[in-house]
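S.K.: The sequence isn't on hand, but the structure is:
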């Protein structure tokens, strides 16, 4: 585990440890599990998933993975203890690690858990802790280290930007291949499009798609997130004009892209033309505002106001940060809920969309890097016509 | 929304409402969101995902979906209100629904949230509620209605069994096609196997695979859950003997299968032969114990004891229930953590596995229905040799 130079993970942990000292937090505990994904664990350890990470305010790190073999391959931490050793129970692991570290029963300390941890788990842990370490305190809050970590993750480092550029480049290659596929004069099913994306992604070295690819033909594109995400129905049908949506992203070494395009088939009705024009105008409006100093909620409000003037509502946020997660800060919502003032180094998506039963849906989504002077669009999704 | 006959959802809600009356719970609140999946929402409403469900103890139900169009297609509830109306914020939605239902500010009532709800969300909701409904109480606990619901879901109804049988039948067809594919005298990549499963599943009317298919060739099978789950490396290589693992499941109308098989390639070393024999013996031992009246933890302990006699540890549970979720009660763990005494109508998987760096991994998993007299094995995964 010892390396001659500090890994990016060690550098990040040092930064978080300093913040812990300032906030008076002794131990930070992150959990990533099937029902509780937390990419900050990977951000701070290199280990991809299914583990607990304990970080002390002196910078010392200890990983408790489900799979020790995998941890030996991926984790860049000071210590590894198998979760099995604690019967894969959170309170047992916490008490075990405290003893392993030589904490004495009367010691005063605080353990911060991230705010997404289930209510009952926090309560149980608190009860267990009190029995053996009566002066130990559990913190679980929306602000605190959890929030600080999410803020850190908003601004991408150079190595992160390299991975995100790789992910978006692969995404662009897939988008171009898709344009060729969709220009073929034949009916094409949703499943064919989705599996084409999967194959093209893997061929190019992606770890896979980063969420269930959405491929919704004209009869299903009115849903924000079609369910099921794709099926045996037609995505492109030369016989049936209408609007179809593809929304996908790919993972490259943990980092994701996220793009959406709409395919308009056949002669468009006036209403469909109208929705497309509005979405494109909303998209351009958003882009013109994406620069350092602008608040994400101001941009979201500007686009929603524009749609409102045409009596339309966008039923989802205008965009979101991307990185180790498909949806992370900053969020582009009307409320100041996870919003941020844009800064250089943020990577975000802008994805205006409008949906109507009968008419269908239109969404356009690309990934942007916020730069010193404005932004750079990293991906090349666009409205396609056939 | 009104139907002439009660839907399965309405029948389930009536049952839960009776339990709420007994436990003195006024309102049950379920949430299914990107970071908090809860299939009980679908179980009680028919709506697949991304919504809040409010259930009153008089049986009245109200869905607050992200996507109203989708809800109009899927939800079988008494009322639908768009989440947008509440700015997609949980406390706002709760207060809004209480007012919509005509609760007066001094009314005494209790709202139970499921125990997986994030700690900070519960605390925030509590604070918001107190301001407008000082006599309203939030309950969030491991037992209570949440636990009752999970217990209900353990025993499958006839319509659920029909869907599970359909899912397992499709799975068997895919397993047979895979055996044909893998009998081909050539190198086969992990990606080819994974996409083959995806295509075969969709072709047969499945909603898709129910988790990221794991296809791990001889160099990666030592991990419980290989990361990434599949890649461009070889799954079957006529040049390299060893152990490879495939673990997949498919969704049919919301219900999942879950199977794993191991492919043993080439002449086996004594150690590999030994691991295979142990896993097969452990599997048979588990099956012989799977009958009504046996506790899931007793079966898990029996198999672990058997492995321990050979100085080996299984780093995961022996099995788990399946239904609307890939992992649900009853769990087959050493501890009484989510375990249950087996009863007719439960559908579970048994999946012993052993893993060693260098040697590789062996896992065998099939789905079983617990019957009045014992069990019926629904799927046909087996150790393959090539």
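M.R.: Looks like it came in fine. From a predicted model like this one, the values you see are computed outputs, not experimental measurements. Residues are numbered from 1 along each chain as shown, chains lettered A, B, ... in the order given.

S.K.: Can you name the residues that contact residue A:53?
M.R.: The neighbourhood of residue A:53, defined by CB atoms under 8 Å, 6 or more residues apart in numbering or on different chains, consists of A:28-32, A:41, A:44-45, A:47, A:61-64, A:77. Any C-beta I mention is one placed from the backbone N, CA and C, and that applies to glycine too.

S.K.: count of neighbours near residue A:186?
M.R.: Per other CB atoms under 10 Å in any protein chain shown, the neighbour tally for residue A:186 reads 7.

S.K.: Contacts only, for it.
M.R.: For residue A:186, the contacting residues are residue A:238, taking CB under 8 Å, 6+ apart as the criterion.

S.K.: Quick one: residues contacting the closest residue to residue A:353 other than its chain neighbours.
M.R.: Nearest residue to residue A:353, sequence neighbours excluded (CB to CB, 6 or more residues apart in numbering or on different chains): residue A:363, at 3.4 Å. By CB under 8 Å, 6+ apart, the contact list for residue A:363 reads A:245, A:247, A:260, A:262, A:279, A:351-354.

S.K.: Could you rerun that using 10 Å?
M.R.: A:214, A:216, A:221, A:224, A:243, A:245-247, A:260-262, A:279, A:283, A:314, A:316, A:351-355, A:381, A:383 (CB atoms under 10 Å, 6 or more residues apart in numbering or on different chains).

S.K.: Phi, psi for it please.
M.R.: phi -140, psi 140 (degrees, to the nearest 10).

S.K.: ok so, going back, narrow the contacts of residue A:363 to those in helices?
M.R.: When the contacts of residue A:363 are checked against helices using DSSP state H, the ones located there are A:279, A:283.

S.K.: Looking at the contacts of residue A:363, which are in strands?
M.R.: Secondary structure of these is defined by DSSP state E; positions in strands are A:214, A:216, A:243, A:245-247, A:260-262, A:353-355.

S.K.: Go through those and say which is closest to residue B:273.
M.R.: Out of the ones in strands among the contacts of residue A:363, the one with the shortest distance to residue B:273 is residue A:214. That distance is 45.6 Å, counting by CB to CB.

S.K.: Next one, pLDDT for the residue nearest to the closest one when sequence neighbours are not counted please.
M.R.: With CB to CB, 6+ apart as the measure, residue A:247 is the residue that lies nearest to residue A:214, at 4.0 Å, once sequence neighbours are left out. Model confidence at residue A:247, given as pLDDT, is 98.

S.K.: what is residue A:247 paired to in the beta sheet?
M.R.: Beta bridges link residue A:247 to residue A:214, residue A:260, judged by DSSP bridges.

S.K.: What number of residues are in the vicinity of it?
M.R.: Residue A:247 has 24 neighbouring residues, counting by other CB under 10 Å.

S.K.: Isn't it up against residue A:193?
M.R.: No: between residue A:247 and residue A:193 there is no contact under CB atoms under 10 Å: 11.2 Å.

S.K.: which residues do those two both contact?
M.R.: A:213, A:215-216.

S.K.: where does the residue with the largest distance to the centre of chain A fall, helix, sheet strand or coil?
M.R.: Largest separation from the mean C-alpha position in chain A: residue A:106, at 40.6 Å (CA atoms, centre = their mean). In three-state terms, and counting by DSSP: H, G, I helix; E, B strand; the rest coil, residue A:106 is coil.
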